[in-house]
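Peer 1: following is a predicted model, sequence given first.
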Amino acid sequence: MALTVTPLTPNLGAEISGVDLSVPLSNSDFDTVHQAFVDHSLLVFRGQDLSPKAQVAFSQRFGPLMIHVLKEALIEDQPEIYKISNLTEDGKPVGRAYAGQYWHSDLTYEPQPSLGSLLYGVQVPEVGGDTLFASTAHAYETLSPAMQGFLEGLTAEHHFAHAFRERPKAKTGSPNHLEERPPVVHPVVRTHPESGRKCLFLNEGFTVRIKELAPAENKAVMQFLFDHMTRAQSVLRHHWQDGDAVLWDNRALVHRGVDDYGDDSPRHMHRTTIEDTAEY
Ligand SMILES: O=C(O)CCC(=O)C(=O)O
């Protein structure tokens, strides 16, 4: 079956059909997938049957993989796979439950953040547990030139612990590794190294402050930017089916989970995280 690329919204997302990710893609199919990734920022592959090994092999074609700081949520003999799961085994959590229920881009608290992530739905609820994605390129492009000019050259501090400081911990608890990662600084506007588009690079989860602004200015400017980034025109909502593999570009999107389901609705996912080796 021929590979096809079908856009899902005007501003982000495409569904790819005619591809089996469990076997190596030909170079020409990979080039088409890669170009679609750059053009649409988010790709949905339905009906996949992906072993951890095959998921790692496909993800590695985009770049080196990162090992998540939450070691207890990794697959033991395949530590590139981070488990997002509300399942338990012998009373112990199988992975990180209800991860990322706030807008974020993966691993911006690392000095070298993530290029993209591939999340594979092993078992998902029939209803609920969707993931939302918002285009930070579209967000930048829909700011006024005056606001774009104001943001140019500013830098922001990102910290892993920030995501857990003021959030309700009802379902997830706080991980034990919060202080293991010191704060890092990234530009507020980054030019995507492959598409050439400018993207806002800050997120509600991990961005503590814009360094050059006073506290009251920070509060107002960051809240404006977070609201602007997640307007309906920039958002795609993915409803999961078992066997979906969703690949997203952390350089050009923010995303969040929706915890509108409970432990009586099993949700078990495998994530690989690709490193961004570009200089900004
Ligand atoms: O489980 C989800 O829907 C979102 C997961 C997430 O935020 C992540 O993998 O970074």
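Peer 2: That came through fine.

Peer 1: which phi and psi does the residue of the stretch 1-150 of the chain found nearest the ligand have?
Peer 2: Closest contact between the stretch 1-150 of the chain and the ligand, by Cβ to the nearest ligand atom, is at Gly100 (2.2 Å). C-betas here are computed from N, CA, C, even on glycine. Dihedral pair for Gly100: phi 60, psi 40, per degrees, to the nearest 10.

Peer 1: wait, isn't it in contact with Asp259?
Peer 2: No - here Gly100 lies out of contact with Asp259, judged by Cβ atoms under 8 Å, at a distance of 9.7 Å.

Peer 1: biggest strand in the chain, by residue count?
Peer 2: Taking DSSP state E as the criterion, the chain has its longest strand at strand 114-123.

Peer 1: partners of that strand in the sheet?
Peer 2: With DSSP bridges as the test, strand 114-123 is paired with strand 245-249 (antiparallel), strand 268-275 (antiparallel).

Peer 1: the longest one near the ligand anywhere?
Peer 2: So the one you mean is strand 268-275. Yes - Strand 268-275 lies within reach of the ligand by Cβ under 6 Å from any ligand atom, at 269, 271.

Peer 1: helices along the stretch 51-200 of the chain, start to end?
Peer 2: 52-60, 136-141, 145-151, 162-165 (DSSP state H, counting those that start in this stretch).

Peer 1: avg pLDDT for the last one?
Peer 2: If I follow you right, that is helix 162-165. Averaged across helix 162-165, the pLDDT comes to 82.

Peer 1: in it, what's buried?
Peer 2: Of all the residues in helix 162-165, those buried under the rule 16 or more other Cβ atoms under 10 Å are 162-163.

Peer 1: if we can go back for a sec, skipping adjacent residues, who's closest to the residue of the stretch 1-150 of the chain closest to the ligand in space?
Peer 2: Among residues not flanking Gly100 along the chain, Gly257 sits closest, at 4.9 Å (Cβ to Cβ, 6 or more residues apart in numbering).

Peer 1: next, count neighbours for that neighbour.
Peer 2: By other Cβ atoms under 10 Å, the residues close to Gly257 number 20.

Peer 1: can you check Pro187 too?
Peer 2: Pro187 - counted by other Cβ under 10 Å - has 15 other residues nearby.

Peer 1: can I get the helices of the stretch 51-200 of the chain in JSON lines including distance to Asp244?
Peer 2: Output for the helices of the stretch 51-200 of the chain, formatted as JSON lines (distance: least, Cβ to Cβ, whole Å):
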{"stretch": "helix 52-60", "distance to Asp244": "12"}
{"stretch": "helix 136-141", "distance to Asp244": "23"}
{"stretch": "helix 145-151", "distance to Asp244": "34"}
{"stretch": "helix 162-165", "distance to Asp244": "25"}
